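Participant: Sequence and predicted model, in that order:
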Amino acid sequence: MKKFLHLIGFQVKEYVKNTYFVNLVLIQTTMMMLYEYLAHYVHHNYSGQEWLIAGVIGLWASCTTSGGALGFQRFQGTLPHLLNGALPPFEVLLATLAPAAIYGLVAFPLAALEALILGMPINYLSWELLLGIVVLWFTATVLSYVVSLIFVLSKHAMQYEELLLLPILLLSGFLTIPPVLLPYLEPLQLLSPLTLPIQIIYHQTVKPITIIFYFLIIILFILSALKMTNVIVQRAIKENRLEIF
């Protein structure tokens, strides 16, 4: 455990040295905050939820760099050495990808600060919000790991990952769904593990069926990740796909 935590700390330091990863969160959070500000500027009908929307998009934007983080490690030539080290491949990949979700948490205090600067209200400050952020962080980490694991074999991870991660976010109720489409999309929202944490963060009513589906899907993802890790890593090593492209 000590080696694992030390590796996470090292990876976080390396992650924040990359200006692309750092600026992505800052830019995406700020852009969404400004969009929310301008969208309601005329009537000044701010709900106090705008900063939460910006925080969610900022954290998720950081998580979409997870596949790119593996590609960055491959580019540096460190990925093969890490996977051939003393730690199991699962712990190595988790420590490599965790910094994306950890750094993404910066989006929420950043969004709150920007809301204060813009004179927008900051509502929904409660233990429920804290719980929602923790669940969102955990869920985003699991999703990032599973998606990135698929792209261990590909050098185009950074280009492809948003094709999977963006639809997951859109199906989670992150944006307002037109009432005419809600009956059709609501069943699909149960398949997105992000639906539960977003509903908690937005202080929406959470149905028992949403909680049940969340745990079923998360457990399925974790078991799949544990099963797939060794198989994919061994194949990548055998086919020499971990070297610098």
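Facilitator: Happy to help now that I have it.
Participant: only C-alpha atoms for contact and neighbour calcs from this point on.
Facilitator: Noted.
Participant: Ramachandran angles for residue 42?
Facilitator: Phi and psi for residue 42, reported as degrees, to the nearest 10, are phi -60, psi -50.
Participant: Tell me the spacing between the nearest residue in space to residue 66 that is not next to it in sequence and residue 4.
Facilitator: Leaving aside its sequence neighbours, residue 66 sits nearest to residue 97 (C-alpha to C-alpha, 6 or more residues apart in numbering; 5.5 Å). Residue 97 is 13 Å from residue 4, where distance means C-alpha to C-alpha, to the nearest Å.
Participant: same thing with residue 210?
Facilitator: 33 Å.
Participant: With residue 200 instead?
Facilitator: 30 Å.
Participant: Between those two, which is the more surrounded one?
Facilitator: residue 200 (19 against 15; other C-alpha atoms under 10 Å).
Participant: In the protein, what helix or strand scores lowest on average pLDDT?
Facilitator: helix 157-170 (a mean of 61; mean pLDDT, DSSP states H and E).
Participant: Check which element follows it along the chain.
Facilitator: For helix 157-170, the following helix or strand on the C-terminal side (DSSP states H and E) is helix 182-189.
Participant: for the very next helix or strand once past that following helix, packing partners?
Facilitator: Per DSSP H and E, the first helix or strand lying C-terminal to helix 182-189 is helix 195-201. Helix 195-201 is packed against helix 127-150, helix 208-238, with contacts defined by 3 or more C-alpha pairs under 8 Å, 6 or more residues apart in numbering; DSSP states H and E.
Participant: mind listing what's buried in the first one?
Facilitator: I take that to be helix 127-150. Neighbour-count burial for helix 127-150 flags 129, 132-133, 135-150 (criterion: 16 or more other C-alpha atoms under 10 Å).
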